[in-house]
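no sequence on this one, just coordinates:
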Ligand SMILES: Cc1cc2nc3c(=O)[nH]c(=O)nc-3n(C[C@H](O)[C@H](O)[C@H](O)COP(=O)(O)OP(=O)(O)OC[C@H]3O[C@@H](n4cnc5c(N)ncnc54)[C@H](O)[C@@H]3O)c2cc1C
Ligand code: SF4
């Protein structure tokens, strides 16, 4: 058994100073970190509880909706303003994990969770470049059914499991990060790291940074929807998901944003489709399909996951139409 020290901090500055020490892990809801300890993914010398740092609030302003990093998933999903103005956000949270987990889990922790690739999570050590650099990728020669079709490299073909991240990408949110060097904003669409040559890096947050908030632009209520396809109806990660945000002008699309989950190690924005959709009638299913499907021309399915191309196209279309009907 490995021992570690446990401390509690109550202010942002104290959390930042704790991060100066190497081999320190912050703990918020603990629903992910405790699994890492059990699975041997992390073995910190020090764990610092940040749950009493005052970063739990939701502030709805004229420019942005600001969500504290320590807000619980269940609290944000139940917030009346969020449910009314950002259904895609509430739905992405409600369709994640279980009620018990959502009552503990925080927004910051959700973004910081790691891939669910079974080889990464295996109790016995298997070749996995994400877990042990240069050890190889077991998935490439094994089961790729849940893996990426976009943005993967020979080093790693994992997907990122956060539902929240997919909604935030479509909402063009920013992750606010603080360190002793100051504050910076990271676009949610770029927060997670594509594997490239360095799959051991999970996201853009630096070791001395704390996520303090997530900011979502306050836009005139566009329609939005989060559609999650999974193997059972609750308590399951996405096979594929789609977040859509739509503004209509009459019956025609004025602006549309679509992000897919379950297809890459970051939410995958269908930017080519987003450029082709304006002007199309929401009722014109063939036209919408013709705008969405070419955005999958760059998909590189693996032997076990060709199905994700068709599933992704259909999820994107359906999420778009439901979002449009709400606009
Ligand atoms: C069985 C199960 C099913 C799940 N299903 C889903 C699902 O369907 N969809 C989905 O999206 N998620 C799912 N999850 C993941 C779940 O949402 C995350 O475990 C949870 O959101 C993590 O939040 P936490 O507060 O518990 O993080 P913790 O476990 O406390 O922390 C996780 C990591 O985040 C870091 N961290 C936490 N807060 C901050 C911060 N403010 N700044 C910097 N670093 C921080 C910690 O240091 C740690 O490294 C599931 C989890 C489980 C166990
Ligand atoms: S896909 Fe990535 S996480 Fe999975 S075994 Fe390969 S290197 Fe590891």
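Yes, it's here. Bear in mind that the values here come from a model prediction, so they are computed numbers and not experimental data. Ligands and ions are numbered 1, 2, ... in the order given.

where do the strands sit along the stretch 1-150 of the chain?
5-8, 24-27, 46-49, 58-60, 64-68 (DSSP state E, counting those that start in this stretch).

and those, which is most packed in?
Highest mean neighbour count among these (mean count of other Cβ atoms under 10 Å): strand 64-68, with a mean of 22. All C-beta spots, glycine's among them, are computed from the backbone N, C-alpha and C.

now for the strands of the stretch 1-150 of the chain, which one comes closest to residue 218?
Within those, the stretch nearest residue 218 is strand 64-68; the backing value is 5.7 Å (Cβ to Cβ).

what's that closest one packed up against?
strand 58-60, helix 80-85, strand 210-217 (3 or more Cβ pairs under 8 Å, 6 or more residues apart in numbering; DSSP states H and E).

so for it, mean pLDDT?
For strand 64-68, mean pLDDT rounds to 97.

tell me the pLDDT at residue 81?
We have a pLDDT of 92 for residue 81.

what sits opposite the residue nearest to it when sequence neighbours are not counted in the beta ladder?
Of all residues not flanking residue 81 in the chain, residue 60 sits nearest, at 5.1 Å (Cβ to Cβ, 6 or more residues apart in numbering). Assessed by DSSP bridges, residue 60 has beta-bridge partners residue 65.

what residues of the strand or helix carrying residue 290 count as buried?
Secondary structure from DSSP states H and E places residue 290 in helix 285-292. Neighbour-count burial for helix 285-292, counted by 16 or more other Cβ atoms under 10 Å, picks out 287-288, 291-292.

pick out whichever of those residues sits closest to ligand 2.
Sorting these by how near they are to ligand 2, with Cβ to the nearest ligand atom, puts residue 292 at the top with 26.8 Å.

which positions in the protein make contact with ligand 1?
Proximity of the chain to ligand 1 (Cβ under 6 Å from any ligand atom) is limited to residues 25-33, 35, 69, 96-97, 101, 104-106, 108-110, 112-113, 161-164, 210-211, 237.

residue 321 and residue 143, how far apart?
33 Å (Cβ to Cβ, to the nearest Å).

more neighbours: which of these two?
More crowded of residue 321 and residue 143, by other Cβ atoms under 10 Å: residue 321, with 18 against 15.

hang on, isn't that one packed against residue 287?
No. Between residue 321 and residue 287 there is no contact under Cβ atoms under 8 Å: 11.7 Å.

and the closest residue to residue 5 other than its chain neighbours, how far is that from residue 210?
Distances taken as Cβ to Cβ, 6+ apart put residue 46 closest to residue 5, at 4.8 Å, once the chain neighbours are dropped. From residue 46 over to residue 210 the distance is 15 Å, taken as Cβ to Cβ.

and residue 105, how many neighbours?
Each residue near residue 105 was counted by other Cβ under 10 Å, and the total is 24.

before we move on, back to that, from the residues of the chain next to ligand 1, which would you call buried?
25-33, 69, 96-97, 101, 104-106, 108-110, 112-113, 161-164, 210-211, 237.

save the helices and strands packed on strand 64-68 as CSV, and put in distance to residue 252 too.
Output for the helices and strands packed on strand 64-68, formatted as CSV (distance: least, Cβ to Cβ, whole Å):
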stretch, distance to residue 252
strand 58-60, 29
helix 80-85, 22
strand 210-217, 23
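
return the most buried member of those.
Burial of those is given as mean neighbour count (mean count of other Cβ under 10 Å); strand 210-217 ranks first at a mean of 22.

give me the mean pLDDT for it.
Strand 210-217 shows a mean pLDDT of 98 in the predicted model.

that strand: partners in the sheet, and parallel or antiparallel?
Strand 210-217 pairs in its sheet with strand 64-68 (antiparallel), strand 174-179 (antiparallel), by DSSP bridges.

so for the last one, mean pLDDT?
When pLDDT is averaged over strand 174-179, the result is 98.

now do that strand: distance to the chain's middle.
On the basis of Cα atoms, centre = their mean, to the nearest Å, the separation between the geometric centre of strand 174-179 and that of its chain is 15 Å.
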